[in-house]
Structure formats: structure tokens, C-alpha cells
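In: Show me the folded form of this:
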Amino acid sequence: MSHDIAAIRGIVPPVITPLTDRFELDLPSFTRVIEHLIAGGVHGLFFLGSTGEVVFHDRAARRRILEHAVKVVAGRVPILAGAVDPGTDRVIANVRDAAAIGVDAVVVTAPFYTRTHQAEILDHYRIVAAASPTPVIAYDIPVCVHVKLDRATVRTLAHEGTIAGLKDSSGDDGNLRDVLRDLADTKVWCMTGAELVVDSALLMGARGAVPGVANVDPAGYVRLYDATQRGDWAAARTEQERLCRLFEIARCGVPRTSPGASGFGGFKAAMHAMGIIEHAATARPQAPLNAEEVGRVRAILRSVGLLA
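Out: All right, here's what the predicted structure looks like:
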């Protein structure tokens, strides 16, 4: 069953990729993660994003992840797949793999490692879109790729029909407001990846959110989204504040680990404590949380009602 990506909205978590204690894909745990998210009422799933540790998985592993995801999801919600690599031709190879497996859209960052001009970024997206059998979503995440998608770049890509949507993980809420205004007369949508200000982004006009901590509490983010759709902004703010407290699990490893390892490690430690995944391993060389840090994660889970 294919889905109309132009119509997607709501909560679309960037799904974690569970690993065994030998750093191999843990498909039984992966199945439980997917079922946990769908049971929480999410409106779509984004595999092979930053939270899915995409850059640590080679092409064969990415195919296995998407094949399993498509099989388990079985058409129940739309599937977005990250096609993240430094150069255009490698991205196209990932795009074609994902499309052949049956995803509904691919999510593409700017090129990275080399310093790239916005004109080259425009060409990157145009070349990928021309080669893609499925819609392309732009992914603005300068903290990882070290270049921001300029407002003019997004506006150009949207107005020429190169992209179907934008995942904004830039952290620049002022620019997001401008971009939302730029997109208003197009069919291109925008979702925020900033899990701490989802209520604000939705009030500004974002179509939905792609929050990493929704792996842990999908139902909480769905409640937040539902409150905004019925215009109950007080309830949305209350739920958002609770989810901000939950997000502290992503900071439990800092400063001992990198922010990324702390974030992915915090999500995985929480889902291990909740019995969803078998191990909390993160892809090497990211350091997993230690026992003291896991204890803090468990305390946070208890404080927000997710762990008895």
C-alpha cells in the first residue's frame, strides 16, 4: 500500500535502529520498536535518519533495515527513508534501493564533508530528484552536515517542485517562520525536528514533527499534536512541558560522551528499561551510557510516568 506523501501530517518519529551486544542489527527488537510506535498512534515513520544512526550503516545494512521495516509496517503508516551520504551519486544509489524496497519518500541532506556552495546544493537536490522514483524530502540539519539550507535554497527547490517537503532540524525557529511563509503558496510541507518546541512550530504552521524522543513516548507526542488540532493550546503546552522533562534522557551522557551518543544512548537506554529493546548498544565508536547515567534515565522515566 502506497501513501500520498503530499498529505502526510502529524507525528513521524525518526526510528532508532536497535543493535545486539555484538553491534549487529537486532531485528526482533526492531519489530517491537515499530509496533510500539504504531500502537502509540504515530502518523508515519522515518527510518535511517540521524536518530537511526544512518551514517554508521553500510549500504547492505540499510537495505536490510528498510526491507524489515516495510515488511513489519505492512502499509499501516507512510514510510520515509533517509538517503544520507556525502556525495550525489551515493545518495542516488541509496534512493534507488529505498524506492525498490517500497518506501513512500526519501529524505536527503545537503552533501557533507566537503564544503559545498548553495548553488551546488541546489544542483544536488535537482539531480537526486530527477533520478528518484519517489518523492524527495529535504533535510536541514546543519549540526550534522555543517551547512545550512539557506531560506532562498528551500524556496527555490519548493517553487520549482524539486522537493515535496522539508524536515527542519536547523534549530533556527526565526528562519523556520520565514520558510513556512515562503511555502504557503506551494504544495510543499514542513515538519520540525525540534522536539522541545513542537507546540510552537505547529502554531506557526508546521505540518507536524519528527521528534527523536517520540521513540520513547510516541503517545505523548500524539496527544500534543491532537491537542493542537482541536485548538487546545493549553493542553498542548502542558504535554510539551512534560516531554521536555523526558528529553533530559538525551543529556544524561554529557559531558562524558558526545551529544549524539548521549542522545541515541539515552533513547536506547530508556527503551531497554521499558522492555522494548534487548540491548542499548550504540554504533561504534559512540560510547554507551554507563550504569550511573542509565540510573538517571530510569529516574526521568519514572518522573514522567513511563516506568513503574
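
In: C-alpha from now on. contacts and neighbour counts both.
Out: Noted.

In: Kindly export stretch 169-183 (C-alpha atoms) in CSV.
Out: Listed in CSV are the C-alpha atoms of stretch 169-183, where the atom choice follows Å, rounded to 0.1, in the frame of the first residue of the first chain:
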residue,chain,number,x,y,z
SER,A,169,16.2,20.3,12.2
SER,A,170,18.2,23.5,12.0
GLY,A,171,17.2,24.9,15.4
ASP,A,172,16.6,28.3,13.8
ASP,A,173,13.0,29.0,14.6
GLY,A,174,13.0,32.5,13.2
ASN,A,175,14.2,31.1,9.8
LEU,A,176,11.6,28.4,10.1
ARG,A,177,8.8,31.0,10.4
ASP,A,178,10.1,32.7,7.2
VAL,A,179,10.3,29.4,5.4
LEU,A,180,6.8,28.5,6.4
ARG,A,181,5.6,31.8,4.9
ASP,A,182,7.6,31.1,1.7
LEU,A,183,6.0,27.6,1.4
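
In: contacts for that stretch?
Out: Outside stretch 169-183, the residues that touch it by CA atoms under 8 Å, 6 or more residues apart in numbering are 139-143, 148, 151, 154-155, 158, 168, 189-190, 192-194, 201, 204-206.

In: buried subset of those residues?
Out: In terms of neighbour count (16 or more other CA atoms under 10 Å), the buried residues within the contacts of stretch 169-183 are 139-142, 148, 154-155, 158, 168, 189-190, 192-194, 201, 205-206.

In: So which of those are in strands?
Out: Counted as lying in strands by DSSP state E, out of the buried ones among the contacts of stretch 169-183, are 139-140, 168, 189-190, 192.

In: could you say what helices and strands whichever strand or helix holds residue 260 packs with?
Out: Under the criterion of DSSP states H and E, residue 260 resides in helix 259-273. Helix 259-273 sits against helix 291-303, with contacts defined as 3 or more CA pairs under 8 Å, 6 or more residues apart in numbering; DSSP states H and E.

In: low-confidence ranges in the chain?
Out: 1 (pLDDT under 70).

In: What segments of it are strands?
Out: According to DSSP E, the strands that the chain contains are 10-11, 45-47, 79-82, 105-109, 136-140, 165-168, 189-192, 208-209.

In: now these as JSON lines including distance to residue 237?
Out: Below are the strands of the chain laid out as JSON lines (distance: least, CA to CA, whole Å):
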{"stretch": "strand 10-11", "distance to residue 237": "16"}
{"stretch": "strand 45-47", "distance to residue 237": "24"}
{"stretch": "strand 79-82", "distance to residue 237": "28"}
{"stretch": "strand 105-109", "distance to residue 237": "29"}
{"stretch": "strand 136-140", "distance to residue 237": "25"}
{"stretch": "strand 165-168", "distance to residue 237": "21"}
{"stretch": "strand 189-192", "distance to residue 237": "16"}
{"stretch": "strand 208-209", "distance to residue 237": "15"}
